[in-house]
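*Asks:* turn this into a structure:
(one chain, ligands or ions: 2)
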Amino acid sequence: MQKELQEIEKMIVVSQLAASVSHEIRNPLTTVRGLLQVFRERELPLEKRWNLTEVALNELDTAINIISDYLTFAKPQVVKMTFLNISDELQQVTSVLTPYANMLQVTLACVVDTAQPILGDSQQFRQCLINLVKNCIEASPNGRVDIAVLSNREHVLIRIKDNGVGMADEQIQRLGIPYYSTKEKGTGLGMMVVFSIIKAMNGTIKVESEINRGSLFVISFPLTILLKTD
Ligand code: ADP
Ligand code: MG
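*Replies:* Residues are numbered from 1 along each chain as shown. Ligands and ions are numbered 1, 2, ... in the order given. Just a heads-up that it's a prediction; the model follows:
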């Protein structure tokens, strides 16, 4: 009976995350569908047609990008390097993961204390943070996950801390090995993606953990430009 309940709970959690993603994909697709219907039913002037096609293409790009966010391991190399505003990136990441944190009764908090940009591919950077923070949420039901960003003269540091189940040393050693997972429905691909993205961004990651106390991940990226105001 207990087992059955756990199974159902897990299914709800998994379908909640999938639902929030599919919702974000459904919106742009619904718009494109509406536009195609307009094209079928009306003779439109050329310019109007062109503009609406442009709208449809942009909506499709949005859907494609959302799918890619969740499937980065299909193309692990960094593709489009730009200066990233960490605050904006984290806002997107936390908004995607907040429903999931709420499901598991995890408090998710984020403080960004620097305006320094870092160099990377926005989609991959988000994927990396999503994978890390998702693990922390899964490790800490009824607990909390804290994200803090700061910079010094050489680096931008992103600290992600949970107060969950923690890991023994040999578990830490295994992080990033493909298909290593202690979860019943784990992919064991999350940390592999995390390591490969951080490496491609010239960053490093350090892990500290203690069983039943929690884990701390510190990601460090080299400063790209030194802001006077920072
Ligand atoms: P998955 O999450 O699908 O299991 P990951 O590659 O994301 O695969 O993680 C691999 C394993 O590392 C997890 O199954 C878990 O045992 C461990 N792990 C990762 N992050 C944490 C964390 N924050 N707290 C405790 N264990 C973790
Ligand atoms: Mg994971």
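
*Asks:* need the helix or strand of the chain with the lowest average pLDDT.
*Replies:* Least confident helix or strand of the chain, by mean pLDDT, DSSP states H and E, is helix 2-41 with a mean of 70.

*Asks:* how far off centre is the helix or strand that comes right after that helix?
*Replies:* As assigned by DSSP states H and E, the chain's next helix or strand after helix 2-41 is helix 46-70. Between the mean C-alpha location of helix 46-70 and the chain-wide mean there is a distance of 22 Å, by Cα atoms, centre = their mean, to the nearest Å.

*Asks:* strand partners of the helix or strand following helix 46-70, parallel vs antiparallel please.
*Replies:* Per DSSP H and E, helix 46-70 leads on to strand 82-84 as the next helix or strand towards the C-terminus. Each strand paired with strand 82-84, and its direction, by DSSP bridges: strand 118-120 (antiparallel).

*Asks:* check which helix or strand covers the residue nearest the centre of the chain.
*Replies:* Among the residues of the chain, the one closest to the centroid is residue 130, at 2.3 Å (Cα atoms, centre = their mean). Take DSSP H and E as the rule and residue 130 turns out to sit in helix 122-139.

*Asks:* how about the helix or strand following that helix: buried residues?
*Replies:* Past helix 122-139, further along toward the C-terminus, the next helix or strand under DSSP H and E is strand 144-151. Of the residues in strand 144-151, those scored as buried under the neighbour-count criterion (16 or more other Cβ atoms under 10 Å) are 144, 145, 146, 147, 149, 151. Heads up, the C-betas are built off the backbone N, CA and C, glycines and all.

*Asks:* check the gap between residue 50 and residue 39 for me.
*Replies:* Counting by Cβ to Cβ, to the nearest Å, the gap from residue 50 to residue 39 is 12 Å.

*Asks:* between the two, which is the more surrounded one?
*Replies:* Each of residue 50 and residue 39 had its neighbours counted (other Cβ atoms under 10 Å), and the higher figure belongs to residue 39 (14 against 10).

*Asks:* next up, the contacts around that one.
*Replies:* 49, 52 (Cβ atoms under 8 Å, 6 or more residues apart in numbering).

*Asks:* what residues does this structure put near ligand 2?
*Replies:* Proximity of the chain to ligand 2 is assessed by Cβ under 5 Å from the ion, with 135, 190 identified as the residues in range.

*Asks:* for residue 97, grab the count of nearby residues.
*Replies:* 21.

*Asks:* so which strand or helix has it?
*Replies:* Counting by DSSP H and E, the secondary-structure element that holds residue 97 is helix 86-103.

*Asks:* Provide the backbone phi and psi angles at the residue of the chain most remote from its centre.
*Replies:* Here the chain reaches farthest from its C-alpha mean at residue 43, the gap being 42.6 Å by Cα atoms, centre = their mean. Summarising the backbone geometry of residue 43 under the convention degrees, to the nearest 10, its torsions are phi -80, psi 110.
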